[in-house]
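>>> Just need the structure, nothing else, for what follows:
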Amino acid sequence: MSQKQAASTHFNRAADLYRQAGYAQAVKYYLAGLEIDPMCVEAYADLAKAYEKLGCWDQGIESLDAALRLRPGYPTALRRKERILEERSVYDALTDELNQGLDVAEQHRSVHAVQMKRSRNGEDLPKIEHKFFTLTGGQAIPQSLLLVVSQIIEYTYHEVGKIFGCYPQCKVPIFIDAANQIDTLHAASPVSNTISPVEAVNHTLFSNVSLPQWAVACYENGSIRLSYRPYSDPSLGVLYAVVRHEWTHLLVDLLAEGRCPNWLDEGLAQFIARPLMNSEKIRLQQASRDGSLLPLHLLQKPFQDLPEKQRLIAYLQSCATTKYLIQQFSFAALRAVLKRLGDGKSTDTVFQEVFRKTEKEIVAAASAENCTTV
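Numbers count the residues shown, from 1 in each chain. Take a look at the predicted model:
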């Protein structure tokens, strides 16, 4: 077997692993192939995609720079580099915001008591009792990380609570464990919500492009579950976005008493978590041009039941529609919607009262006006 063939075997194996969501293993095979054939431009570009899935933005950019040195102006590498640079910038900004907020809040920090909780199988699990929540970590979660997570949750409690004017009356149970390096779409069991007339979904941050593969979370019946095992150094910005996303689901559920339309629930969670990125806006605009935006009846379904391509569009469309409502009517109007839904009024009745449009008309108006300007 020639060196070229040997390298190609590694690259093909890496591509197979990538398609199976084995991103860490794919990185190893790409690197092994590049040791043999360091001039393969496409392999550097594909290696960057695998690094991106792992949240290793610096390594991804280095790989794309290598591709561009070999092939200046390579469109695929330029496009991926622009996307990864934006992802890194967004999450770095969230990290800075969090650190500044924690520094300001440090003098008011509550005392955290780290206790050990005896699990059903006899293992000891670290547990933090806070007056607003109880945080329990899995065996693989170090207490140092548990303390950081508790600070993020406490900060989110105040900041997101201020936005919604809502604070849980009971302590919120929160669990965090190490995520396996597997496809995040199957990392958590489907969630059921017996109090909601809208079929519940497994809430995860929506973008397969811009969310590292190890950052998984879901909200279920008043509790939050987080999975977290970075491939390299942990990104507090990613963790902060994940916590904000799920805390929003919690507050929406409390305000609307489980009656919030699925697309609005997801749109609010993403709006609070982080802004839409340019790559996501472009994808949404393309969906608008080619007529693949989803009708209301699909946006009302659990997104987990949708095919993968439709699922991403559903999240993007929900976020864009929610942003449209906020720009047109204010966030206070959406708080009013949630409270009226919680009073038992139908969605169309509430939308007519607040927006003078039905739910279907709102989604159509947002699709027509917003998907080219998000």
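>>> What's opposite residue 225 in the beta bridge?
residue 175, residue 218 (DSSP bridges).
>>> what's the distance between it and residue 216?
8 Å (CB to CB, to the nearest Å). For the C-beta atoms, the positions are set from N, CA and C on the backbone; glycine is no exception.
>>> which one of these two has more residues nearby?
Neighbours of residue 225 and residue 216, each counted by other CB atoms under 10 Å, are more numerous for residue 216; the result is 25 against 20.
>>> In space, what's closest to the more buried one - neighbours in sequence excluded?
residue 227 (4.0 Å; CB to CB, 6 or more residues apart in numbering).
>>> I'd say that neighbour and residue 217 touch.
Yes - counting by CB atoms under 8 Å, residue 227 touches residue 217, with 6.9 Å between them.
>>> These two: who's more crowded?
residue 217 (27 against 21).
>>> ok, the more buried one to residue 315 distance?
14 Å.
>>> again with residue 161
From residue 161 to residue 315 the distance is 24 Å (CB to CB).
>>> Looking at these two, which is more packed in?
The residue with more neighbours, out of residue 161 and residue 315, is residue 315; 26 against 15, by other CB under 10 Å.
>>> Which neighbouring elements make contact with the helix or strand encompassing that one?
Assigned by DSSP states H and E, residue 315 falls within helix 308-329. Contacts defined by 3 or more CB pairs under 8 Å, 6 or more residues apart in numbering; DSSP states H and E place helix 308-329 against helix 262-273, helix 278-289, helix 296-299, helix 331-342, helix 347-355, helix 359-370.
>>> quick one, which of the ones you listed is packed in tightest?
Neighbour counts (mean count of other CB atoms under 10 Å) averaged over each of the helices and strands packed on helix 308-329 peak at helix 262-273, with a mean of 26.
>>> can you give me the mean pLDDT across that helix?
The average of the pLDDT scores along helix 262-273 is 96.
>>> Off-centre distance for that helix?
11 Å (CA atoms, centre = their mean, to the nearest Å).
>>> Quick one: work out the angle between that helix and helix 359-370.
The directions of helix 262-273 and helix 359-370 differ by 40 degrees, with axes from the mean of the first three to the mean of the last three CA atoms, to 10 degrees as the criterion.
>>> now helix 262-273 against helix 331-342, angle please.
Going by the same axes, to 10 degrees, helix 262-273 makes 140 degrees with helix 331-342.
>>> neighbouring contacts of helix 262-273?
The contact list for helix 262-273, computed with CB atoms under 8 Å, 6 or more residues apart in numbering, reads 160, 163, 198-199, 201, 203, 205-206, 241-242, 244-249, 252-253, 256, 276, 296, 299-303, 314-315, 317-323, 326, 334, 337, 363.
>>> Give me the ChimeraX select line for the residues you listed, limited to the buried ones.
To isolate the buried members of the contacts of helix 262-273 in ChimeraX, using 16 or more other CB atoms under 10 Å:
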select :160,198,201,203,205,206,241,242,244,245,246,247,248,249,252,253,256,276,296,299,300,301,302,303,314,315,317,318,319,320,321,322,323,326,334,337,363
